[in-house]
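1. Structure for this input, please:
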Amino acid sequence: MHLRYVVFLLFVLPLAGCSLATDSVESPATGVALQGRVMGGQQPVSQAHIYLLAASNAGYGSASTSLITSGSAGSDSIGEYVLTNSVGVFTITGDYTCTAGQQVYVYALGGDPGNGANLAATMMAAVGSCPVAGNFLATVPFIYMDEYVTVAFAYSVAGFAVDPLHIAASGTALAQVGLANAFANAGNLLNGATTPAGNGTVPMQELGTLANILAACVNSNGVVSGPSSPTACYTLFNHAKNGASVPADTATAIFNIAHNPTANVTTLFGLQDSESPFATKLATAPNDFTVAISFTGGGLGTSSAETAQTAILMNNIAIDGSGNVWRPNYGGNSITELSPLGAALSGTGGFTGGGLNEPANVAIDLSGNVWTADFGSGKVSEFTFAGAPKSGSPFSGAGVSSPVDLAIDGSGNVWVANATNVSKLTSAGANVTGSPFTSNTLDGPIALAVLPSGAVWLTNASNNTVSVYTSAGAKSSGSPYSGGGLNFPYGLAFDASGAGWMADDTALTQLTSSGGVGGSPYPSPTNAILTSLAVDGTGNIWVTDVGENTIIETNNSATYLSGAIGFQYGQTTAPEAIAVDGSGNVWYSSYNDATIHELVGAGSPVVTPLVYGVKNSLLGTRP
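-> Purely as a prediction, here's the structure:
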């Protein structure tokens, strides 16, 4: 694992168009304290309790840690706090300490936005990674907090949050990378119409609408009464539930909306009106409240040739241990790398050389090296994690011929799916004795994946089966597997139980690790054509639907969580490849455009890269 990026989110600034009130505001005092301001829409919030908290490393679901130790206005069950003044400004005078690398945020509770004290009003903002010094006095961010900032923070860290007081991960290195990337991602949503790197388009209208939904409750007296003549807070809380649990504050409500983006969309949208404070907003209710950023650059591209090959190729996306996103560009003979924040790392033309020739798929090995299946040349290329071709690349032999997919096993061997056989190379690109392996009824293989047991699965689109090999290349007992509704299977992924999930033309198929039929076939939404899939850290299945141009999410019982047609960000092209990262973001690309989309915080963080999960029996689990 190569941790190339250390991310610091040092301040949160007000957005253009979200102007401050005209009251006099205290200027930050350099080198002395953390300062900030809390606003409810365009109104300052006075006498709000301000807590400085750190996300916990004690395990998912554990309580955040209070950091203020003294000199505060008081303390309660959350911890020590300071108060905002008459214009919403607060100061934390350095009476706190944090541990280097902790992810720190500010939480505002209650206060008066101008309509009386409102205990239901809660807001949040990221401060970022704690410096080595154990405090932020050298940088002194001025922390702006309002509903828009709260929405951005909630969606970015949704994969780690139960509510605003329970933001947590495990203490593993991968979990800490994912958590840091999630905190930093809030800055992507707060930079205006484009991300700080300039290549990402931010859905400002949707964020403004979500902020207006919160503002309806924040900028009230906080009364919760209904259902007859319901107050804004009543409507928000009773339509932003976590299961049967009704939230009691706005920050918890926005986490619940992020976790359940198809629930009660029209009713929640109705809380926005002509008097809402954020002018950049949606005019009509969306299909769902997923939040997506669209990225270009880094050599991303497509071609008519790539589109023409989609009957036999399924280009993928791979996530490395640092959270970087990799995609092959079939028509451009290149590969693209985006940072965890979507910044293009591979230049305008992508990474080239190393024998790249119509790369169809990409896989990350245990050293962070990147392997591609080069359909055009019938070879396999290898690059360093920095995008430089490895010595000896491209590799041939071992029966590699017009490869369509590849995967890395727990020993570092590279398995390659060809038209009529499967090849196996060592981690150095050398032939493995006996490769290529045949005699397993291979017929139009498209996707290949490896289990922690070493078993290698290949989907056969032409005969509706799955061929399975042992780690030694022998045909597994019972192979090829069929049944369960297999019908032109495309994508393939494993969950934590070892079950294989396949995306078929019109249904999801699940087979046990021994080929037994689970509860499948699971019918998909009307007009769906399923292609690629990925499993997140809680075992939910994410599927691209080229028929409806949507993204489908199901649980591991194939109960659809994404509504009648799936999550619909509004893309106009067919979604193709999909992957989940260590922060819970869901990344997907399309057949015929030069864009990668990120559904921010939509999933559960998962162990990356896939080979790390294979080696350590952690596929489909949280890091």
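2. Correct me if wrong: residue 415 contacts residue 456.
-> Yes: using CB atoms under 8 Å, residue 415 is in contact with residue 456, at 5.3 Å. Any C-beta I mention is one placed from the backbone N, CA and C, and that applies to glycine too.
3. Now the common contact residues for those two.
-> Shared contacts of residue 415 and residue 456, defined by CB atoms under 8 Å, 6 or more residues apart in numbering, are found at 407, 409, 422, 448, 450.
4. what's near enough to touch the third one?
-> By CB under 8 Å, 6+ apart, the contact list for residue 422 reads 415-416, 435-438, 440, 442, 445, 448, 456, 458, 467, 469, 473.
5. and if we set it to 10 Å?
-> Residues in contact with residue 422 (CB atoms under 10 Å, 6 or more residues apart in numbering) are 398-400, 403, 405-406, 415-416, 435-438, 440, 442, 445, 448, 456, 458, 467, 469, 473.
6. Equivalent analysis for the fourth one, please.
-> Taking CB under 10 Å, 6+ apart as the contact definition, residue 448 lies against 361, 363, 373, 403-407, 415-418, 422, 456-459, 467, 469, 492.
7. helix or strand right after the longest helix anywhere in the chain?
-> Using DSSP state H, we find that the single longest helix of the chain is helix 173-189. Going down the chain from helix 173-189, the next helix or strand is strand 200-201, by DSSP states H and E.
8. by contact count, what packs against that following strand?
-> strand 292-295, strand 596-599 (3 or more CB pairs under 10 Å, 6 or more residues apart in numbering; DSSP states H and E).
9. Can you list the strands that the first one pairs with?
-> To tie it back to what came earlier, the one meant is strand 292-295. Strands that pair with strand 292-295, judged by DSSP bridges, come out as strand 200-201 (antiparallel), strand 596-599 (antiparallel).
10. taking those together, which one is wrapped up most tightly?
-> Mean neighbours per residue, mean count of other CB atoms under 10 Å, is largest over the strands paired with strand 292-295 for strand 596-599, with a mean of 25.
11. roughly how far is the helix or strand following that one from the heart of the chain?
-> Downstream of strand 596-599, the first helix or strand assigned by DSSP H and E is helix 610-615. With CA atoms, centre = their mean, to the nearest Å as the basis, helix 610-615 stands 18 Å off its chain's centre.
12. Can you name the residues that contact residue 266?
-> So residue 266 contacts 239, 284, 285, 286 (CB under 10 Å, 6+ apart).
13. I meant residue 329, not that one.
-> By CB under 10 Å, 6+ apart, the contact list for residue 329 reads 298-303, 306, 315, 335-336, 346, 349-352, 356, 358-359, 589, 594.
14. how does it look with 7 Å?
-> 299, 300, 301, 335, 336, 350 (CB atoms under 7 Å, 6 or more residues apart in numbering).
15. Residue 320: which of the strands paired with strand 292-295 is closest?
-> Among the strands paired with strand 292-295, the nearest to residue 320 by CB to CB is strand 596-599 (14.7 Å).
16. Next, the residues that contact that closest one from outside, please.
-> 290, 292-295, 300, 325, 327, 338, 342, 551, 567, 569, 571, 585-589.
17. Which ones among those map onto strands?
-> Judged by DSSP state E, these include 292, 293, 294, 295, 325, 327, 338, 551, 586, 587, 588, 589 as members of strands.
18. Dump those residues into TSV; add neighbour count, distance to residue 68 and pLDDT as well.
-> Formatted as TSV, those follow (neighbours: other CB atoms under 10 Å; distance: CB to CB, whole Å; pLDDT from 0 to 100):
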residue	neighbour count	distance to residue 68	pLDDT
292	23	36	96
293	24	33	96
294	19	39	95
295	27	38	96
325	24	37	98
327	28	44	95
338	27	37	98
551	25	41	94
586	26	35	98
587	26	37	97
588	25	41	94
589	28	44	91
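19. hmm, which two among the contacts of residue 329 are most spread apart?
-> Counting by CB to CB, the most remote pair of the contacts of residue 329 is 301 and 335, 11.2 Å apart.
20. what about the two, which has more around it?
-> residue 335 (25 against 18; other CB atoms under 10 Å).
21. What's opposite the more buried one in the beta bridge?
-> residue 328, residue 351.
22. going forward, begin numbering at 652 instead of 1
-> Got it, the first residue is 652 from now on, which makes the last one we talked about residue 986.
23. ok, so what distance separates it from residue 1248?
-> 18 Å (CB to CB, to the nearest Å).
24. cool, residue 1188 as well?
-> For residue 1188, the distance to residue 1248 - CB to CB - is 20 Å.
25. Next up, the contacts around residue 877.
-> Residues near residue 877 by CB under 7 Å, 6+ apart: residue 885.
26. repeat that with 8 Å
-> Residue 877 is in contact with 885, 886, 889, counting by CB under 8 Å, 6+ apart.
27. out of these, who has the most neighbours?
-> Sorting the contacts of residue 877 by how many neighbours each has (other CB under 10 Å) puts residue 886 first, at 21 neighbours.
28. With adjacent residues omitted, what lies nearest to that one?
-> Setting aside the residues directly before and after it, residue 886 is nearest to residue 922 in space (CB to CB, 6 or more residues apart in numbering), at 6.1 Å.
29. what's the answer for residue 987, then?
-> residue 949 (4.3 Å).
30. State the number of residues packed around the one you found.
-> A count of neighbours around residue 949, defined by other CB under 10 Å, yields 30.
31. Pretty sure it sits against residue 849.
-> No: taking CB under 8 Å as the definition, residue 949 is not a contact partner of residue 849, at 11.9 Å.
32. Helix, strand, or coil at residue 902?
-> Per DSSP: H, G, I helix; E, B strand; the rest coil, the local secondary structure of residue 902 is helix.
33. Could you pull up the residues touching it?
-> Residue 902 touches 758, 773, 774, 775, 801, 805, 814, 815, counting by CB under 8 Å, 6+ apart.
34. Just the closest of those to residue 1196, please.
-> Distance to residue 1196 across the contacts of residue 902 (CB to CB) is lowest for residue 805, with 26.5 Å.
35. hang on, that closest one in a strand?
-> No: the assignment for residue 805 (three-state DSSP) gives helix, which keeps it out of a strand.
36. which residues do residue 952 and residue 986 both contact?
-> Common neighbours of residue 952 and residue 986, counting by CB under 8 Å, 6+ apart, are 980, 1001.
37. ok, and the closest non-adjacent residue to residue 1098?
-> In space, residue 1098 is closest to residue 1143, 4.0 Å off (CB to CB, 6+ apart).
38. Ignore what I typed, I meant residue 938.
-> Among residues not flanking residue 938 along the chain, residue 1219 sits closest, at 4.2 Å (CB to CB, 6+ apart).
39. what's near enough to touch that neighbour?
-> Neighbouring residues of residue 1219 by CB under 8 Å, 6+ apart: 937, 938, 939, 1199, 1200, 1201, 1202.
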